[in-house]
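Undergrad: need a 3D model of the following:
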Amino acid sequence: MGIEESIQNTDTKSPPEPETATEPAPPVQRPRRRILRTVGLIAVAAVIGLVGGTAVGYGIQADREPTALPPLNQPGLAYPSKPLPKGQEPEPPSAKDDHQAKAQGDLRKLLVPMPAGARSAGEDGWQSLDAYADSYTRPESALEDELDSGIRRIASRAWLVGEYKRVEVDLVQYRPGSTLGAVDHVMQQQRIATREDKSASLGQPVKGSSDGRYFVYPVRREAGYLDMYEARAFIARGDIAITILMSDTHKIAESEIRSLAERQLGRL
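TA: Sure thing, here's the model as predicted:
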């Protein structure tokens with residue numbers, strides 16, 4: 001090989017490229033701490049400004065003269081400011097107008113009297129709670145319910161007319177302020193009366209009462225027994241529940257139970 005060819009071959013060879021070293025990437029900046037710190041500084045500044053503003057406000061208010069409040073627009077009191085002179089006091093309501101006074105007296109005197117020609121059926125006056133509960137189909141449950149309702153006392157009167165006709169009137173009084181009382185007792189008895197199969201209707205309202213109702217039932221027949229007719233009335237008057245039960249072997253006129261219910265209500 002000649003000298004020229006040797007030089008040409010040497011010129012055609014490119015010098016070796018130097019190895020490039022991989023430079024590390026610059027670290028990623030994390031501004032989170034800076035942001036939190038800035039927010040913290042703003043919050044501190046806000047608290048300081050609030051405390052300072054409150055202190056300045058109190059100082060300004062303390063230096064001002066007190067402002068009088070406007071008078072209240074209140075009408076005059078309904079009762080006198082001083083007791084009335086002796087002899088000029090209003091008279092208390094009479095027993096005729098004070099229904100509560102009647103209820104607090106002898107409850108037996110408020111029972112309707114027996115009609116002429118009737119004879120006592122054994123119940124006339126105060127009735128014990130045990131005897132009253134025994135008249136229910138489930139005496140133990142009835143006794144517990146009445147005690148929970150705040151029952152106070154019971155006045156009863158029962159009489160017989162003819163051979164089979166029997167009438168019973170109960171005045172059941174409950175303690176004042178009881179959660180349950182006369183109205184609940186009457187409502188429960190009315191619900192029972194309307195659910196019975198022998199009930200002919202939902203009852204009729206008793207005149208002079210907001211919730212009283214009376215019921216007249218169709219005849220009940222059973223082999224080997226006399227026909228049986230019934231009528232009932234349930235009325236609430238204040239803390240007293242009125243119950244009227246009437247039975248006979250002959251049909252009971254609607255006017256009879258209605259009249260008795262109205263007369264008993266009128267006595268309260």
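Undergrad: and residue 176, how close does it get to residue 157?
TA: For residue 176, the distance to residue 157 equals 24 Å [C-beta to C-beta, to the nearest Å]. Using the backbone N, CA and C atoms, a C-beta is placed for each residue, glycine as well.
Undergrad: when these two are compared, which one has more neighbours?
TA: Between residue 176 and residue 157, counting by other C-beta atoms under 10 Å, residue 157 is the more crowded of the two (21 against 13).
Undergrad: enumerate every residue touching that one.
TA: Applying C-beta atoms under 8 Å, 6 or more residues apart in numbering to residue 157 gives the contacts 108, 111, 112, 114, 123, 124, 125, 168, 169.
Undergrad: switch to 6 Å and redo it
TA: Residue 157 is in contact with 111, 124, 169, counting by C-beta atoms under 6 Å, 6 or more residues apart in numbering.
Undergrad: what bridges to it?
TA: residue 124, residue 169 (DSSP bridges).
Undergrad: any quick ChimeraX command for the buried ones out of the contacts of residue 157?
TA: Here the buried members of the contacts of residue 157 are turned into a ChimeraX selection, burial being counted by 16 or more other C-beta atoms under 10 Å:
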select :111,169
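Undergrad: now, among the contacts of residue 157, which is nearest to residue 68?
TA: Comparing the contacts of residue 157 against residue 68 with C-beta to C-beta places residue 111 closest, at 65.5 Å.
Undergrad: how near is the closest one to residue 192?
TA: 23 Å.
Undergrad: and if you look at residue 139?
TA: Applying C-beta to C-beta to residue 139 and residue 192 gives a distance of 16 Å.
Undergrad: and residue 147, that's in a strand?
TA: No - read with DSSP: H, G, I helix; E, B strand; the rest coil, residue 147 is helix and lies in no strand.
Undergrad: for the closest residue to it other than its chain neighbours, give its distance to residue 159.
TA: Take residue 147 and drop its neighbours on the chain: the residue closest to it by C-beta to C-beta, 6 or more residues apart in numbering is residue 129, 7.9 Å away. Residue 129 sits 22 Å away from residue 159, going by C-beta to C-beta.
Undergrad: same question for residue 147.
TA: Per C-beta to C-beta, residue 147 is found 29 Å from residue 159.
Undergrad: residue 252 now?
TA: The gap separating residue 252 from residue 159 is 15 Å, by C-beta to C-beta.
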